[in-house]
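Visitor: below: sequence and its predicted model.
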Amino acid sequence: MTAKMKNFSINFSLTKKDYRNFYKTINQTLLLQRLKYLAITLTVSIVFAVLKFYSLAVTSFFTMFILFFIGDIVNITYILRMNDRSRIGKRRTTIDFYNDHFEIINYPDEYFKGKSERHYPLDTVKMVLENKDYIYFKLEDFTTLIIPKRDIETDSYEKIKNMIDNLYPDRFLEE
């Protein structure tokens with residue numbers, strides 16, 4: 001059995017600010033999708049209005065508006081509050097990148113005595129988003145890796161960019 005060689009590692013701890021920036025970025029990225037929902041809502045309302053079902057048009061518009069937007073705002077507020085109270089997301093983390101997978105290691109701290117490890121094949125990455133402060137990896141199990149650039153060494157940054165260019169050119173978004 002051959003031992004797998006690690007290509008590079010990134011060590012970091014996330015803060016409340018990191019989570020807030022993540023949700024701000026995701027909300028901006030999803031704005032186009034929300035606008036599509038709004039267009040569908042308006043179309044349905046206009047069809048009802050043309051068919052002279054004015055009260056049904058107004059009711060359907062406001063019902064769909066509430067479902068898409070107010071529900072989303074409540075959900076984001078809830079998630080941000082949960083992350084502010086979460087202790088697990090602030091643990092010291094290492095991501096080890098190998099040729100065929102990466103490994104996420106969360107280390108023990110004052111609240112968690114055990115070390116957790118998760119392994120993901122490289123093909124589980126569904127989207128990569130990069131902005132000036134972070135690199136986000138969206139995985140097929142709906143996990144998102146938030147990697148703050150402040151903790152990435154220059155050599156590791158070049159390797160991660162090379163990996164993204166070679167493996168995920170069709171899944172890469174840049175802000």
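Guide: Alright, I've got the coordinates.
Visitor: the spatially most central residue of the chain - nearest residue in space that isn't next to it in sequence?
Guide: Against the mean C-alpha coordinate of the chain, by Cα atoms, centre = their mean, the closest residue is T144 at 4.4 Å. Of all residues not flanking T144 in the chain, K138 sits nearest, at 5.2 Å (Cβ to Cβ, 6 or more residues apart in numbering). (C-beta placed from N, C-alpha, C; glycine too.)
Visitor: that older thread, what's the residue nearest to the centre of the chain in contact with, if anything?
Guide: For T144, the contacting residues are 22, 136-138, by Cβ atoms under 8 Å, 6 or more residues apart in numbering.
Visitor: count of neighbours near I160?
Guide: 22 (other Cβ atoms under 10 Å).
Visitor: the residue nearest to T144 - that's part of a helix, no?
Guide: No - per DSSP: H, G, I helix; E, B strand; the rest coil, K138 lies outside any helix segment and is strand.
Visitor: list the contacts for it?
Guide: Going by Cβ under 8 Å, 6+ apart, K138 touches 125-129, 144.
Visitor: now do the closest residue to D133 other than its chain neighbours against T143, distance only.
Guide: Of all residues not flanking D133 in the chain, K149 sits nearest, at 5.7 Å (Cβ to Cβ, 6+ apart). Here the criterion is Cβ to Cβ, to the nearest Å. By it, K149 lies 20 Å from T143.
Visitor: also T124?
Guide: In terms of Cβ to Cβ, T124 sits 9 Å off from T143.
Visitor: which of the two has more neighbours?
Guide: The residue with more neighbours, out of T124 and T143 and counting by other Cβ under 10 Å, is T124; that gives 15 against 12.
Visitor: pLDDT score for that one?
Guide: Reported pLDDT at T124 in the predicted model: 94.
Visitor: that one reaches F137, doesn't it?
Guide: No - contact between T124 and F137 fails when scored by Cβ atoms under 8 Å: they sit 9.1 Å apart.
Visitor: ok, T41 touching I66?
Guide: No - T41 is not in contact with I66 according to Cβ under 8 Å; the separation is 10.3 Å.
Visitor: pLDDT weak spots in the protein?
Guide: Applying pLDDT under 70 to the chain flags residues 1-3, 29-33, 48, 51, 53-54, 57, 71-72, 74-89.
Visitor: now do the strands in it.
Guide: With DSSP state E, the ranges of strands along the chain come out as 8-12, 93-97, 101-106, 116-121, 125-130, 134-139, 144-148, 172-174.
Visitor: hmm, back to that, most surrounded residue in the contacts of T144?
Guide: Neighbour counts for the contacts of T144 (other Cβ under 10 Å) peak at F137, which has 23 neighbours.
Visitor: cool, thanks, signing off.
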